[in-house]
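Colleague: Have a look at this fold, sequence not included:
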């Protein structure tokens, strides 16, 4: 049976899923894609076990080798096409991994049914400002849909996502943060 939905994750949700102990279950329920920048840089954070104090490294390259996820890289042209939509100040507030993920989402037809998930307000706003508001969701909602409900930090909740979705819609309507 095919996985029900393709999800493009930013670094924050990857780390949150590991901390919540549901990374593998999430990958079983969704086709998970991460950008190359997230895989090779931004998600290599260490998380400290609150009980033992031990640190664990997140290796998305290992997860790819195990068949849990797919790692994709955006081309320079795809990145330039995406960033040309935003003014320099707004684009400067986005992390490289977010830019790469949004470029994949915006520029590749094979990603048109993919859901973007981030825990960063600017990334959510950028997706909405680029006209991809229906292609974004919160980690909380994705976990609920997969039957993996967990208590999450504020940036991964539906309320946080909805707040930044509204701000992105306001920006799109007013032109704030967009190239004129």
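Modeller: Alright, I've got the coordinates. Just so it is clear, the structure is predicted and the values come from calculations on it, not from any experiment.
Colleague: Identify each buried residue in the longest helix belonging to the chain, please.
Modeller: Assignment by DSSP state H gives helix 158-174 as the longest helix of the chain. Under the neighbour-count criterion of 16 or more other CB atoms under 10 Å, helix 158-174 has 158, 160-161, 164-165, 167-168, 171-172 buried. To be clear about C-beta, it is placed using only N, CA and C from the backbone, and glycine gets the same treatment.
Colleague: Residue 10 versus residue 39, what's the distance?
Modeller: Distance, residue 39 to residue 10, using CB to CB, to the nearest Å: 11 Å.
Colleague: Give me the pLDDT for the residue of the chain most remote from its centre.
Modeller: Distance from the centre of the chain peaks at residue 52, with 29.1 Å (CA atoms, centre = their mean). Residue 52 carries a pLDDT value of 74.
Colleague: and it, that one's in a strand?
Modeller: No. Counting by DSSP: H, G, I helix; E, B strand; the rest coil, residue 52 is not found in a strand; it is coil.
Colleague: measure it to residue 152 for me?
Modeller: 22 Å.
Colleague: Please apply the same query to residue 38.
Modeller: According to CB to CB, residue 38 stands 19 Å off from residue 152.
Colleague: So for these two, which residue has more residues nearby?
Modeller: Neighbours were counted for residue 38 and for residue 152 using other CB atoms under 10 Å; residue 38 has more, 27 against 20.
Colleague: Report the separation between that one and residue 31.
Modeller: Per CB to CB, residue 38 is found 16 Å from residue 31.
Colleague: what does residue 139 give?
Modeller: Residue 139 is 16 Å from residue 31, by CB to CB.
Colleague: likewise residue 59?
Modeller: Counting by CB to CB, the gap from residue 59 to residue 31 is 19 Å.
Colleague: quick one: residue 106 and residue 83 touch, right?
Modeller: No. Under the criterion of CB atoms under 8 Å, residue 106 is not in contact with residue 83, lying 10.3 Å apart.
Colleague: pLDDT-wise, which helix or strand of this protein ranks last?
Modeller: strand 46-48 (a mean of 61; mean pLDDT, DSSP states H and E).
Colleague: Show the subsequent helix or strand relative to that strand.
Modeller: strand 55-57 (DSSP states H and E).
Colleague: Can you name every helix or strand that that following strand contacts?
Modeller: In terms of contacts (3 or more CB pairs under 8 Å, 6 or more residues apart in numbering; DSSP states H and E), strand 55-57 is packed against strand 46-48.
Colleague: residues contacting residue 147?
Modeller: Shown in contact with residue 147 (CB atoms under 8 Å, 6 or more residues apart in numbering): residue 29.
Colleague: Can you classify it by secondary structure?
Modeller: coil.
Colleague: Find the nearest non-adjacent residue to residue 73, please.
Modeller: residue 36 (3.9 Å; CB to CB, 6 or more residues apart in numbering).
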